[in-house]
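Q: No letters, just coordinates:
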């Protein structure tokens, strides 16, 4: 793992921009031009250089949310959907003109969103403690709300497998406070589940993790990565990303794969990873936050788990997804805002 003293020393010699604190920068579409290459995209390893070559300036596409989460790209609709959990809203950003509108309100305090192979949106609701699918006729199909007769904690994030199964995390954050749902008791141990496409049966695939949060498959679907945000409530929980081997409907060989620790300004710091996606080369692009300037944003790891790059943001990043017609634009939900940047990396999956 490579280290660097600070963003400002890293940018030494770049003129006036180097003297501008990150938090003071204007990321809006009408902001003053930023000199290429984008100064807040950092290469920490030579292997990251090829993904950075054509990166555009980071843009703030929208702001004003209370906690932005769950970005997902609709390929058939050419739009991005994401959640503002506390405001009980799902927003939509249109590719053609950049217009933002309210897609659903109320949204049952939905957190994560994704799309299945038929283009139907799937959302993970804090408020109703369930996983739902929105049908073309506007109706809602409940895919999961109980396990072994007990109501779920508060489904958080999920991904769709090519076999049609839906894998989702259930850490229960939406039931811990009223800000993101309805405060209430957790009746199940935090776990990751799979919904079988043929039988609709819900199976628990692992509970060997403190607070399973964001998850994504490797490009070949042979591995499942899951972020552990357990340190938010279990101080001794590791701040890491775990990986399991996928064997059909089962997981095996669970192990720590990525540490969120890094050297910053001569000190070892460790924030939390939340949502993540893989690119076609198997690199893992994960949101990062709760440390501050020089850390918060997006961290990029090689398939082997080495940190190779960073995208610095002025807010805590909650989640990411690749989108756009070529899947080469990274969308980032970060606290109160939605950001985007073009990259030479291509998203591994359709959402």
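A: In hand now; what should we look at? Because the structure is predicted, anything quoted here is derived from the model rather than measured. Numbering: from 1, shown residues only.
Q: So which elements touch the host helix or strand of residue 276?
A: Using DSSP states H and E, residue 276 maps to strand 272-278. Here strand 272-278 touches strand 68-74, strand 212-217, strand 223-228, strand 240-247, strand 284-289, strand 317-323, going by 3 or more Cβ pairs under 8 Å, 6 or more residues apart in numbering; DSSP states H and E. For glycine as for every other residue, the C-beta is placed from the backbone atoms N, C-alpha and C.
Q: want to throw these into CSV with mean pLDDT?
A: Formatted as CSV, the helices and strands packed on strand 272-278 follow (pLDDT from 0 to 100):
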stretch, mean pLDDT
strand 68-74, 98
strand 212-217, 98
strand 223-228, 98
strand 240-247, 97
strand 284-289, 98
strand 317-323, 98
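Q: is it true that residue 243 touches residue 227?
A: No - using Cβ atoms under 8 Å, residue 243 makes no contact with residue 227, being 10.7 Å away.
Q: quick one: residue 273 and residue 285 touch, right?
A: No - contact status for residue 273 versus residue 285: not in contact, 10.3 Å apart, counting by Cβ under 8 Å.
Q: gap between the helix or strand hosting residue 330 and the chain center?
A: Here residue 330, judged by DSSP H and E, is contained in strand 329-334. Computed by Cα atoms, centre = their mean, to the nearest Å, the chain-centroid distance of strand 329-334 equals 8 Å.
Q: Then stretch 210-218?
A: Offset of stretch 210-218 from its chain centre (Cα atoms, centre = their mean): 9 Å.
Q: try stretch 252-267
A: Offset of stretch 252-267 from its chain centre (Cα atoms, centre = their mean): 17 Å.
Q: could the helices and strands packed on strand 272-278 go into TSV alongside mean neighbour count?
A: Formatted as TSV, those follow (neighbours: other Cβ atoms under 10 Å):
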stretch	mean neighbour count
strand 68-74	26
strand 212-217	25
strand 223-228	25
strand 240-247	19
strand 284-289	26
strand 317-323	27
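Q: Quick one: list the elements packing against the strand holding residue 330.
A: Helices and strands touching strand 329-334, by 3+ Cβ pairs under 8 Å, 6+ apart, are strand 68-74, strand 79-84, strand 284-289, strand 297-301, strand 317-323, strand 337-342.
Q: shared neighbours, residue 273 and residue 285?
A: residue 299 (Cβ atoms under 8 Å, 6 or more residues apart in numbering).
Q: burial of residue 197, as a residue count?
A: As a burial measure, residue 197 scores 15 neighbours (other Cβ atoms under 10 Å).
Q: again but with residue 103, I slipped
A: Residue 103 has 18 nearby residues by other Cβ under 10 Å.
Q: What pLDDT is listed against it?
A: pLDDT, residue 103: 98.
Q: Next up, identify which helix or strand it is on.
A: Mapping residue 103 onto the secondary structure by DSSP H and E places it in strand 100-104.
Q: Just checking, which helix or strand succeeds that strand along the chain?
A: Once strand 100-104 ends, the next helix or strand along the chain (criterion: DSSP H and E) is strand 110-115.
Q: which regions of the stretch 51-200 of the chain sit below the pLDDT cut-off?
A: Residue ranges of the stretch 51-200 of the chain with pLDDT under 70: 53-55.
Q: And the strands in it?
A: 59-63, 68-74, 79-84, 89-94, 100-104, 110-115, 121-125, 130-134, 140-144, 146-147, 150-151, 158-160, 166-170, 191-195 (DSSP state E, counting those that start in this stretch).
Q: got TSV for these, with distance to residue 178 too?
A: Below are the strands of the stretch 51-200 of the chain laid out as TSV (distance: least, Cβ to Cβ, whole Å):
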stretch	distance to residue 178
strand 59-63	24
strand 68-74	17
strand 79-84	16
strand 89-94	16
strand 100-104	20
strand 110-115	15
strand 121-125	15
strand 130-134	18
strand 140-144	23
strand 146-147	22
strand 150-151	17
strand 158-160	23
strand 166-170	19
strand 191-195	24
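Q: Can you list the buried residues in stretch 244-260?
A: Residues 244, 246, 251, 254, 257, 258, 259, 260 are the ones in stretch 244-260 that count as buried (16 or more other Cβ atoms under 10 Å).
Q: Report how far apart the opening and closing residues of it are.
A: Terminal residues of stretch 244-260 are spaced 18 Å apart (Cα to Cα, to the nearest Å).
Q: Please work out which residues outside it touch it.
A: Identification of contacts with stretch 244-260 by Cβ under 8 Å, 6+ apart yields 165, 192, 194, 196, 203, 205-206, 208-209, 217, 221-226, 238-243, 270-273, 284, 286, 288, 299, 301, 305.
Q: What is the strand holding residue 103 packed up against?
A: Under the contact rule (3+ Cβ pairs under 8 Å, 6+ apart), strand 100-104 is packed against strand 89-94.
Q: so how many other residues sit close to residue 87?
A: For residue 87, the neighbour count with other Cβ under 10 Å is 18.
Q: Residue 188 contacts residue 170, correct?
A: Yes - if you go by Cβ under 8 Å, residue 188 and residue 170 touch, sitting 6.9 Å apart.
Q: Between the two, which is the more surrounded one?
A: Applying other Cβ under 10 Å to residue 188 and residue 170 shows that residue 170 carries more neighbours, namely 31 against 17.
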